[in-house]
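Asks: Predicted model, plus sequence, below.
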Number of protein chains: 2
Amino acid sequence: MPPTNMGHCLTTLPSLRDALDVVSGKWKLLILVALATGHQRFRDIERSVPGISSKVLAKELKDLEQHQLVRRTVQEGPPVLVTYEVLPYADTLDPVIFALREWGLNHRRKIMGTGSEA
Amino acid sequence: MPPTNMGHCLTTLPSLRDALDVVSGKWKLLILVALATGHQRFRDIERSVPGISSKVLAKELKDLEQHQLVRRTVQEGPPVLVTYEVLPYADTLDPVIFALREWGLNHRRKIMGTGSEA
DNA sequence: GGTAGCTGCTCACTTTTAGTAAGCAAAGAT
DNA sequence: ATCTTTGCTTACTAAAAGTGAGCAGCTACC
């Protein structure tokens, strides 16, 4: 067996699948970040996640709620106020978000730089 | 401003979006892991990524190739042999994969544990 | 040399998901 | 009274994913 840089072999695929089942898709992580950075109302999130629609946001928030990453709170009014907040458990996703963000940053750099390496 | 655990605020959303544009979806990371763990032929990958279909695999591989994460090589035969391999650049995704794998592992543990306390 | 099998796909089709635009009830602001 | 904002939902359309079959090129076997 040649020495590769991968010690993760047997558990990787199933665990990754488990994670992806919860967190894959275009929007979920972005929504979590939006929430974590202080956007707690529906329209607020909608505005801060560029490109998302009400419909998809509503659905994604339901998913996130079901996965216990987000809590929806209704403060009976009037005016009725709906607030979303990340649950502590969602913080366990920080490493994922961090890694992806780093990679995205780097990838953009790479894409920008293609073709001009002296 | 209250001291939260997030130093990543301004660049997070765009970088994350960049990353997700390349890497989000149910299959791409799983395919990369399959490749990295020694499955280099089409049918081999297909078999090792449970649930994927030929059609989707073909499409995902094309995407990955276009993003310069994977290279397709045809060794003219006969028998014609098609091989896929992860390019070194794909290794930069290791932290992402690692983080997701860890999270998936933990999440499964959490889910298993719900409902049977006390 | 016929038939069965594997490989690396593609094609036609159905189902699921995402996206778009409009709208709606309750409230607030002017 | 009218207009705007909020937190959604509802129809509709478009795109993507999944399903099953199939196909060319080769091998393997008897």
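Replies: Nice, I can see it. Quick caveat: nothing in here was measured; it's all calculated off a predicted structure.
Asks: my read: A:Trp27 touches A:Val49, true?
Replies: Yes: A:Trp27 lies in contact with A:Val49 (CB atoms under 8 Å); the separation is 6.8 Å. Backbone N, C-alpha and C define where each C-beta goes, glycine included.
Asks: what do the two both touch?
Replies: By CB atoms under 8 Å, 6 or more residues apart in numbering or on different chains, A:Trp27 and A:Val49 have these common neighbours: A:Leu57.
Asks: Could you say which helix or strand holds the spatially most central residue of chain A?
Replies: A centroid search over chain A (CA atoms, centre = their mean) returns A:Leu29, at 0.7 Å, as the residue closest to the centre. Per DSSP states H and E, A:Leu29 falls inside helix A:28-36.
Asks: after that helix comes which helix or strand?
Replies: Per DSSP H and E, the first helix or strand lying C-terminal to helix A:28-36 is helix A:42-48.
Asks: Which elements pack onto that next one?
Replies: Here helix A:42-48 touches helix A:28-36, helix A:54-66, strand A:81-86, going by 3 or more CB pairs under 8 Å, 6 or more residues apart in numbering or on different chains; DSSP states H and E.
Asks: Save these as TSV, and put in distance to DNA strand D and mean pLDDT too.
Replies: Formatted as TSV, those follow (distance: least, CB to the nearest atom of the strand, whole Å; pLDDT from 0 to 100):
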stretch	distance to DNA strand D	mean pLDDT
helix A:28-36	13	95
helix A:54-66	3	96
strand A:81-86	4	95
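Asks: Can you say which of those is nearest to B:Gly113?
Replies: The minimum distance between B:Gly113 and these falls on helix A:54-66, with 16.7 Å, by CB to CB.
Asks: need the residues of chain A near DNA strand C, please.
Replies: A:25-27, A:51-56, A:59, A:77-80 (CB under 7 Å from any atom of the strand).
Asks: how does it look with 6 Å?
Replies: A:Gly25, A:Lys26, A:Ser53, A:Ser54, A:Lys55, A:Val56, A:Gly77, A:Pro78, A:Pro79 (CB under 6 Å from any atom of the strand).
Asks: burial of the fourth one, as a residue count?
Replies: Read it as A:Ser54. 10 (other CB atoms under 10 Å in any protein chain shown).
Asks: Was I right to think it contacts A:Glu60?
Replies: No: judged on CB under 8 Å, A:Ser54 makes no contact with A:Glu60 at a distance of 10.8 Å.
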